[in-house]
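Peer 1: Got a predicted structure here, sequence first:
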Amino acid sequence: MSVRPMARMAALVAAGAMLLTGCSSASSTGSGAASPSAATSAHVTTVKSCDHELTFAKPPQRVIMMGDTDASILVPLGVMDKVIGRAGEVKSDGYDAATLARIKAVPTIASTPLDTGGAKLATETVLQERADLVIGYDEGVDRAALAKSGVQVYSPSALCNTKVAVKHASFDLVTQEVTKIGEIFGVQDKAKALNVQLTKQADDLKKAAGTKTRSAAAFWVAPGSTEFYTYGTSSMVQPIFEVNGLRNVYDDQQKRVFDATMEDVLKRNPEWIVLLAQDGALDQTKSTFLKFKGGSQLQAVKKNQVVVMPFSLTDPPTPQSLKGAEVLSKLLTK
């Protein structure tokens, strides 16, 4: 899925970590979900997702995952066995072999591609699978129809249709998402342990970077394209840069992603350029950027300080974002 479609698909990835999108709390109760007062399970929990509140009387048992949404949380929390089907493609770049194998072991179910990227799931398909939860994005399902059948739909806030106000992204967005998934599946202790690990990763990277600050910019470049896009402070690029001792030259922009021009890039003239690529396009991405008119005048290009990493290691906020920070740290020291 390209970044541009991603931006349209989900308010986009500006980051904020909420979870499950489904009906409002009132309609969830009306669709068969137990209300806190009626539920007998000690698990009962309510989670905010986009503009909705989802109430779980018990942990979900039959989950459909769209693409690999939140897979990097589900796997370490040990709840991937609850995922009985997945629809659409997995962004495989960035996963270790064991995690990727665990994700791909989930049976694929019928879906159709969306024009903006991702997959579209028919309500009938979800019901045939007897799912009680879909983890994905609004464009991929009919939330209202599923709600009437008692199926809840969860979207991380980065994939919500409504824009979630994030002025300055941080790794707190990652730990918030982990916490919510832990609450939904009733594995809060595992979520706390994972968050301790993720916080330590960020702290260790920041210590290693030291106090020296270098300027940088991140660009999405599609192979063969004549256009490119850059990222402001609401993107996860921001904290990934910060823990690596980099200052985003576009930190005067709160937009997550927006059009960039070479004229403006030349004025800002970053010391480092980080190119974000779609799966399988790392090699072609750099050669495309270097052909842009005026690009050879950038100090980052002259100093050979242009690196490429998978876009999937930035947004949306998940443990993959921390892995992206680690990958960038290694690229900067090569």
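Peer 2: Arrived safely, thanks for sending.
Peer 1: How about the contacts made by the nearest residue to Asp252 once chain neighbours are set aside?
Peer 2: Closest residue to Asp252 apart from its sequence neighbours, by Cβ to Cβ, 6 or more residues apart in numbering: Gly232 at 8.0 Å. For the C-beta atoms, the positions are set from N, CA and C on the backbone; glycine is no exception. Contacts for Gly232 (Cβ atoms under 8 Å, 6 or more residues apart in numbering) come out as 238, 248, 250-258.
Peer 1: Can you select the buried ones from the residues you listed in ChimeraX?
Peer 2: Per 16 or more other Cβ atoms under 10 Å, the buried members of the contacts of Gly232 correspond to this ChimeraX selection:
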select :238,248,250,253,254,255,256,257
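Peer 1: nearest to Gln320, of the contacts of Gly232?
Peer 2: Using Cβ to Cβ, Gln238 comes nearest to Gln320 of the contacts of Gly232, at 15.6 Å.
Peer 1: Three-state assignment for that closest one, please.
Peer 2: Three-state call for Gln238 (DSSP: H, G, I helix; E, B strand; the rest coil): helix.
Peer 1: Phi first, then psi, for the residue nearest to Gln253 when sequence neighbours are not counted.
Peer 2: In this structure, Gln253 finds its nearest non-sequential neighbour in Gly232, 3.5 Å apart by Cβ to Cβ, 6+ apart. For Gly232, the backbone dihedrals are phi -100, psi -160 (criterion: degrees, to the nearest 10).
Peer 1: how far away is Gly232 from Pro317?
Peer 2: The gap separating Gly232 from Pro317 is 15 Å, by Cβ to Cβ, to the nearest Å.
Peer 1: Which ones among the contacts of Gly232 map onto strands?
Peer 2: Mapping those onto strands (DSSP state E) picks out 248, 257-258.
Peer 1: Confirm for me that Met309 is in contact with Gly324.
Peer 2: Yes: with contact defined as Cβ atoms under 8 Å, Met309 counts as touching Gly324 (6.5 Å).
Peer 1: So which residues make contact with the helix or strand hosting Ser72?
Peer 2: In this assignment (DSSP states H and E), Ser72 forms part of helix 71-74. Applying Cβ under 8 Å, 6+ apart, the contact partners of helix 71-74 are 65, 80, 82-83, 90, 95, 99, 103, 135, 177-178, 181, 194, 318-320, 323.
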